[in-house]
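Just to be clear, the model below is a prediction. Sequence and coordinates:
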Amino acid sequence: MLLRWTTPTPDLLFRLAMDMRASDMEEVWLSAGLMPLDALTMLVNASDAVFVALVENEPVYIFGGKSNSQLDAQNGTCWGLGTTWLDRHGITFAKLSRRGLVKLWQALPQVQRFACRIWICCPKTLAWAKWLGATLGATREAGLKGGVFVPYTIERT
């Protein structure tokens, strides 16, 4: 399986949006009231570093991160959204995402910890975050359009 990393282009964003997995579509809607392409565009524009994972030249996953501010550069936020490929290749995706996290740390060397949140109705995503080394928060947050989200942090190792 040929994997390569690239930066997002309008074509790749469109292709990712058209094949986004149902749970990710629901999550971006509940979290921010956005359709997939709008969410991807907003996230890419708000990020300091973004990567697209291509498998056999098909975009399967996009993720990015941002340093929160110049006053607190050690803390950042991260995000990731995937296509239906992730549901069919869970173990491969898990390995891929570990390599992707390393790329994000390398692109944002000042960031020591990322914060994010996951829709509580995605138990596989919650398990994946723990597998990556994330610490799930005890509190719950509401999304803009409903839904309950679990905050998490992941520390640089």
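Structure received.

Now do the helices for this protein: every range, in order, please.
10-18, 22-32, 36-46, 85-88, 90-107, 123-131 (DSSP state H).

Tell me the helices and strands packed up against the second one.
With contacts taken as 3 or more CB pairs under 8 Å, 6 or more residues apart in numbering; DSSP states H and E, helix 22-32 sits against helix 36-46, strand 75-82, strand 113-119. (C-beta placed from N, C-alpha, C; glycine too.)

Direction included, what does the shortest one pair against?
Each strand that pairs with strand 113-119, with its direction, by DSSP bridges: strand 75-82 (parallel), strand 148-155 (antiparallel).

So what angle separates the directions of that strand and helix 22-32?
Between strand 113-119 and helix 22-32, the angle comes out at 110 degrees (axes from the mean of the first three to the mean of the last three CA atoms, to 10 degrees).

Kindly report the same for the longest one.
Calculated by the same axes, to 10 degrees, helix 36-46 forms an angle of 60 degrees with helix 22-32.

Show the contacting residues for Ala107.
Contacts for Ala107 (CB atoms under 8 Å, 6 or more residues apart in numbering) come out as Asp48, Ala49, Phe51, Gly65.

That'll do, ta.
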